[in-house]
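**Student:** with the input below, show me the fold.
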Amino acid sequence: MIKQILNILILFLTVLFFSSCNLLLVAVKNVPTFFEAPKKVKNKIKDPVKKDVKLSALWIGHATVLLQMDDKVIITDPFLSETAGEFARRVIEPGIDEANIPPCDLVLISHPHFDHLNYYSLELLEKKCSNTALVFPDGLEQYLPDYNMKMVKMNNKEGYKKSVIGETKIINGIKLTTVFAQHWGGRYGFDGYFWGDHSYTGYIMEYNGLTVYFAGDTGYDSTAFKQIGRMFKIDLALIPIGPCADCKNCGTFNHVFPPDAFMIYRDINAKWMIPIHYGTLHFAQADPMEPLLAFREIIKSNNAENNVKILNIGEQEIFLRK
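**Tutor:** Numbers count the residues shown, from 1 in each chain. Sure, this is the predicted structure:
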């Protein structure tokens, strides 16, 4: 009886959440795409890891980036399926064929939302290499099956309310630090809001003199990001710029838009930046490519074209060679 009541309550909260957070609009907007295949990516890279490369990044789409840091390979928030939780469908296919994804040293999960924690993708990566470490913030374990990977939970200071640093661990030879993010956890949206789930984080990766920052999803806090910039000498930053409705304005508490995404890049004093989290899925707010249009204007007005690398899905940028 108690279980039945809980199920009814969950259903009610789900409906409430759909109405309040525009997920129903996401579903409606995606109706046309469910009747057509995602756009193809031409000339996909077959050998993304190269012996003469010290630092490179291949944008697979959304928040999924395949990083090479010397002899280490890292993938962020792997999303390789056609849909995210059945509500949002890809408008363009992943930027690499599954067979060409190399064994990864680290698989980083920033938070458990459907477009960042994708079970299909983790099952695929699980088969690639048993030495892979699956890294996630405290609290996310309740949404994870028991994969045949090293399962590494990391502290995130209960949502970074008092600190911008969670903890640091050496995992498969890579120094990994959880850092400030301003988002919300939970798997279904409402659970993160109503029950205070704090399973979200950003990451700093350090290896062989290289430092890469992956923001996950986050809102903007100038003090926090400037502090991160003072603590780390960041070579490359992966920062979300969407989705957004009026992309020329700053973002919400939980999501940055192009202006404050660029401010994060400046605050952390990164050498290079790749914008992510746009162009892959239909959201309720606007066209998938709308964030990029606004972001291009910002980087042009700030003379940052040489340091902000805008990639097409499936494109790889080599930053440093050996």
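**Student:** can you give me the strands in the stretch 201-322 of the chain?
**Tutor:** Chain-ordered strands for the stretch 201-322 of the chain, with DSSP state E, counting those that start in this stretch as the definition, fall at 202-207, 210-214, 236-240, 272-276, 316-321.
**Student:** nearest to Asn148, of the ones you listed?
**Tutor:** Checking the strands of the stretch 201-322 of the chain against Asn148 by CB to CB gives strand 202-207 as the closest, at 22.4 Å. (Glycine included, C-beta is placed from N, CA and C.)
**Student:** how distant is the closest one from the center of its chain?
**Tutor:** 13 Å (CA atoms, centre = their mean, to the nearest Å).
**Student:** and the angle for that strand with strand 236-240?
**Tutor:** Strand 202-207 runs at 160 degrees relative to strand 236-240, counting by axes from the mean of the first three to the mean of the last three CA atoms, to 10 degrees.
**Student:** helices or strands up against strand 202-207?
**Tutor:** When contacts are defined as 3 or more CB pairs under 8 Å, 6 or more residues apart in numbering; DSSP states H and E, strand 202-207 sits against strand 64-69, strand 72-76, strand 174-179, strand 210-214.
**Student:** now those strands in TSV, with mean pLDDT and distance to Asn302?
**Tutor:** Listed next are these as TSV, based on pLDDT from 0 to 100; distance: least, CB to CB, whole Å:
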stretch	mean pLDDT	distance to Asn302
strand 64-69	98	23
strand 72-76	98	25
strand 174-179	98	24
strand 210-214	99	19
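**Student:** so which of these comes closest to Lys128?
**Tutor:** Among the helices and strands packed on strand 202-207, the nearest to Lys128 by CB to CB is strand 72-76 (9.9 Å).
**Student:** so what strands line up beside that closest one?
**Tutor:** Partner strands and pairing direction for strand 72-76 (DSSP bridges) are strand 64-69 (antiparallel), strand 106-108 (parallel).
**Student:** need the winner for burial among the ones you listed.
**Tutor:** By mean neighbour count, with neighbours taken as mean count of other CB atoms under 10 Å, strand 106-108 ranks first of the strands paired with strand 72-76 at a mean of 27.
**Student:** what's next to that one, contact-wise?
**Tutor:** For strand 106-108, the external contacting residues (CB atoms under 8 Å, 6 or more residues apart in numbering) are 72-78, 122, 125, 132-136, 149, 171-172, 174, 176, 203, 205, 214.
**Student:** where does pLDDT dip in the stretch 151-300 of the chain?
**Tutor:** Applying pLDDT under 70 to the predicted model, the residue ranges of the stretch 151-300 of the chain that meet it are 189-196, 284-286.
**Student:** what distance do you get for Asn155 to Thr178?
**Tutor:** Distance, Asn155 to Thr178, using CB to CB, to the nearest Å: 7 Å.
**Student:** one step back: now the strands of the stretch 201-322 of the chain as JSON lines including distance to Ser56?
**Tutor:** Written out in JSON lines, the entries for the strands of the stretch 201-322 of the chain read as follows (distance: least, CB to CB, whole Å):
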{"stretch": "strand 202-207", "distance to Ser56": "13"}
{"stretch": "strand 210-214", "distance to Ser56": "11"}
{"stretch": "strand 236-240", "distance to Ser56": "9"}
{"stretch": "strand 272-276", "distance to Ser56": "11"}
{"stretch": "strand 316-321", "distance to Ser56": "5"}
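**Student:** could the ones you listed go into a markdown table alongside mean neighbour count and distance to Ala63?
**Tutor:** Supplementary listing: the strands of the stretch 201-322 of the chain in a markdown table, determined by neighbours: other CB atoms under 10 Å; distance: least, CB to CB, whole Å:
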| stretch | mean neighbour count | distance to Ala63 |
| --- | --- | --- |
| strand 202-207 | 24 | 11 |
| strand 210-214 | 24 | 8 |
| strand 236-240 | 26 | 7 |
| strand 272-276 | 24 | 5 |
| strand 316-321 | 15 | 16 |
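**Student:** near Thr178, how many other residues are there?
**Tutor:** 28 (other CB atoms under 10 Å).
**Student:** show the contacting residues for it.
**Tutor:** Each residue near Thr178 by CB under 8 Å, 6+ apart is listed here: 137, 154-156, 165-167, 201-203.
**Student:** 7 Å - rerun?
**Tutor:** 137, 154-156, 166-167, 201, 203 (CB atoms under 7 Å, 6 or more residues apart in numbering).
**Student:** max pairwise distance over the residues you listed: which two?
**Tutor:** For the contacts of Thr178, with distances taken as CB to CB, the pair at the greatest spread is Asn155 and Tyr203 (12.6 Å).
**Student:** now the most centrally placed residue in the chain: closest residue in space that isn't a chain neighbour?
**Tutor:** In the chain, the C-alpha nearest the mean C-alpha coordinate belongs to Ala63, at 3.4 Å (CA atoms, centre = their mean). Sequence neighbours aside, Asp77 is the residue nearest to Ala63 in space, at 4.1 Å (criterion: CB to CB, 6 or more residues apart in numbering).
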